[in-house]
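Peer 1: Just the structure for this:
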Amino acid sequence: MHGNIIGRLVAELRRRHRRNLSIRELRALDDRQLRDIGILRGDIPQVVDELMQTGTTTRRHESMPPIQAPAAAGAYGRRAA
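Peer 2: Sure, this is the predicted structure:
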């Protein structure tokens, strides 16, 4: 029983860490870079939350298509070694 509680706690701590890291990385971008990917600075936390929950987000600036979460490591155009 305690193992299940500890496992859930560890999973939640990891989720929060990933969320905070993602928000920090997006906030490090300048406004032009954010605009290029269709995110307004004020929407960063909501965009990250949507991506973490569903793997996609509909929060896009203007009429841009939804953002898709990367499917796997190397999904950013890097070639596998």
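Peer 1: nearest spatial neighbour of Leu26, skipping sequence neighbours?
Peer 2: Closest residue to Leu26 apart from its sequence neighbours, by CB to CB, 6 or more residues apart in numbering: Ile44 at 4.8 Å. For every residue, glycine as well, the C-beta is placed using N, CA and C.
Peer 1: Run through the residues that contact Arg24.
Peer 2: If you count contacts by CB atoms under 8 Å, 6 or more residues apart in numbering, Arg24 has none.
Peer 1: Three-state assignment for it, please.
Peer 2: Recorded secondary structure, Arg24: helix (DSSP: H, G, I helix; E, B strand; the rest coil).
Peer 1: Heading C-terminal from the helix or strand where Asn20 lies, find the next helix or strand.
Peer 2: Using DSSP states H and E, the element containing Asn20 is helix 2-27. Per DSSP H and E, helix 2-27 leads on to helix 31-36 as the next helix or strand towards the C-terminus.
Peer 1: if we look at that next one, which residues are touching it?
Peer 2: Contacts with helix 31-36, where a contact means CB under 8 Å, 6+ apart, come from Leu26, Leu40, Arg41, Ile44, His61.
Peer 1: Leu34 versus Val48, what's the distance?
Peer 2: 13 Å (CB to CB, to the nearest Å).
Peer 1: Compare those two and say which is more crowded by neighbours.
Peer 2: More crowded of Val48 and Leu34, by other CB atoms under 10 Å: Val48, with 22 against 18.
Peer 1: Excluding residues flanking it in the chain, which one is nearest that one?
Peer 2: Spatial nearest neighbour of Val48, chain neighbours left out: Ser22 (4.7 Å); criterion: CB to CB, 6+ apart.
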